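Asks: Predicted structure and sequence below. I'll ask about it afterward.
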Amino acid sequence: MTTFGIHARNVLFSLSTVFLLSACQGEFKTTDSLCAAHPDICEGLNNNDGQCRIQRTDLIWQRYKQQKTPTDIETFHTLEYTRSYQACLEYAAEIEPTRYKERKSNRATALVNSYEAIDALTLALANSQEPEIIYDRWSRGNHEAKEEFLKLEGSGKLQTPELQLALASFYSDSDKEKTRQLLLTALELYHGEKQVKPDIILTLATQAHQKGEIAEAYLWSRVGSLMRLPVASTEKLARLYPLAPEDKAYLDLLADSIIQSLSSGHFNRITVERSLSTLPSLQAPDSSA
């Protein structure tokens, strides 16, 4: 898969730990109290260890959430949290504890358990028809899952920013304009409650630059700059894209407007397309002047 495709896969996992904890902590106030009531949820982890504490806590609460709501999606979220926990453990298992030597053994045991948990969760989801899970299987090398995912195009089942971004990853090399339209659609699907995925903005800027669409490349680069993404500085943008002063001012205002519309969940690609076609320098001079 392309680098863009790998990024798209990664951004599918975007649950907020804050929301997860607030949703689950009505009955239990602390992780310890949850583990006391449901020891099976916390079994096999490197408990009472400062290493991987955040990832472990997230996983425990997600396991509890899955137990209460045993859907494919919640199982998938548990899989994602387990992967995050495993990645931390792979590093932590190499750390030599300064005082409690048994902790290194506990970390190694927890790491082995995490591999087994991932295998079990993956097997449980092997036939899931949830689009997010199908894409996850594709992104991990399952060719049949790729075909399953692509068949969902146009079905109305990919109407989330993350899934539009995933679909765009397939077309990124073969059809630049379709990729662009999918990314603009992804922006329209934000409703103001989630942060926009950086890859959407960065890819729009990159593709416009590659096509020599100076105004559009400048616009999305400015949007990225306002979002504090890793784009060129204002000075470098001015050198890369030599625009008429009135066009630059116009695009700066348009970038501000896009940021506001994304924040409020009212982004409209038609408005952006129309604005790009009506740059001040493209307007016919006033004949009455």
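Replies: The structure has been received and is ready for your questions. Residues are numbered from 1 along each chain as shown.

Asks: Check which residues of stretch 200-211 are buried.
Replies: Applying a neighbour-count criterion of 16 or more other Cβ atoms under 10 Å, one finds 200-209 buried in stretch 200-211. (C-beta placed from N, C-alpha, C; glycine too.)

Asks: what's the closest of the residues you listed to Gln159?
Replies: Proximity to Gln159 was ranked across the buried residues of stretch 200-211 by Cβ to Cβ; first place goes to Ile200, at 15.1 Å.

Asks: next one: the one helix or strand that closest one maps to to chain centre, how far?
Replies: Secondary structure assignment for Ile200, by DSSP states H and E: helix 198-211. Averaging C-alpha positions (Cα atoms, centre = their mean, to the nearest Å) puts helix 198-211 16 Å from its chain's average.

Asks: need the helix or strand of the chain with the lowest average pLDDT.
Replies: helix 17-24 (a mean of 48; mean pLDDT, DSSP states H and E).

Asks: if we can go back for a sec, now for the buried residues of stretch 200-211: which two are most distant?
Replies: Maximum distance among these (Cβ to Cβ): 15.2 Å, for Ile200 and His209.

Asks: what's the closest non-adjacent residue to Gly265?
Replies: Taking Cβ to Cβ, 6 or more residues apart in numbering, and ignoring the residues beside it in sequence, Gly265 has Gly192 as its nearest neighbour in space, at 3.2 Å.

Asks: Surely the one you found is in contact with Ser264?
Replies: Yes: Gly192 lies in contact with Ser264 (Cβ atoms under 8 Å); the separation is 5.2 Å.

Asks: just to revisit the earlier point, can you point out the buried residues in the following helix or strand past the helix holding Ile200?
Replies: Helices and strands here follow DSSP H and E; after helix 198-211, the next one along the chain is helix 214-226. Applying a neighbour-count criterion of 16+ other Cβ under 10 Å, one finds 214-225 buried in helix 214-226.

Asks: follow-up on the earlier one: can I get the helix holding Ile200 as CSV, trimmed to CA atoms?
Replies: Coordinates of the C-alpha atoms in helix 198-211 are reproduced here as CSV (Å, rounded to 0.1, in the frame of the first residue of the first chain):
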residue,chain,number,x,y,z
PRO,A,198,-4.1,16.0,8.9
ASP,A,199,-3.6,13.7,6.0
ILE,A,200,-6.7,15.1,4.2
ILE,A,201,-5.4,18.6,4.2
LEU,A,202,-1.8,17.7,3.5
THR,A,203,-2.8,15.4,0.5
LEU,A,204,-5.0,18.1,-1.0
ALA,A,205,-2.1,20.6,-0.8
THR,A,206,0.4,18.1,-2.2
GLN,A,207,-1.8,17.0,-5.1
ALA,A,208,-2.5,20.6,-6.1
HIS,A,209,1.2,21.4,-6.0
GLN,A,210,2.0,18.4,-8.1
LYS,A,211,-0.6,19.5,-10.7
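
Asks: contacting residues for the residue nearest to Gly265?
Replies: Contact analysis of Gly192 by Cβ atoms under 8 Å, 6 or more residues apart in numbering lists 262-266.

Asks: tell me the mean pLDDT over stretch 174-181?
Replies: Mean pLDDT, taken over the full extent of stretch 174-181, equals 96.

Asks: what about Ile133, neighbour count?
Replies: Residues lying near Ile133 (other Cβ atoms under 10 Å) number 22.

Asks: Check Asn113 too.
Replies: Using other Cβ under 10 Å as the criterion, Asn113 is surrounded by 18 other residues.

Asks: Run through who's touching the top helix by length along the chain.
Replies: For the chain, the helix that runs over the most residues, judged by DSSP state H, is helix 102-124. For helix 102-124, the external contacting residues (Cβ under 8 Å, 6+ apart) are 44-47, 49, 51-52, 75, 78-79, 82-83, 85-86, 89-90, 92-93, 95-97.
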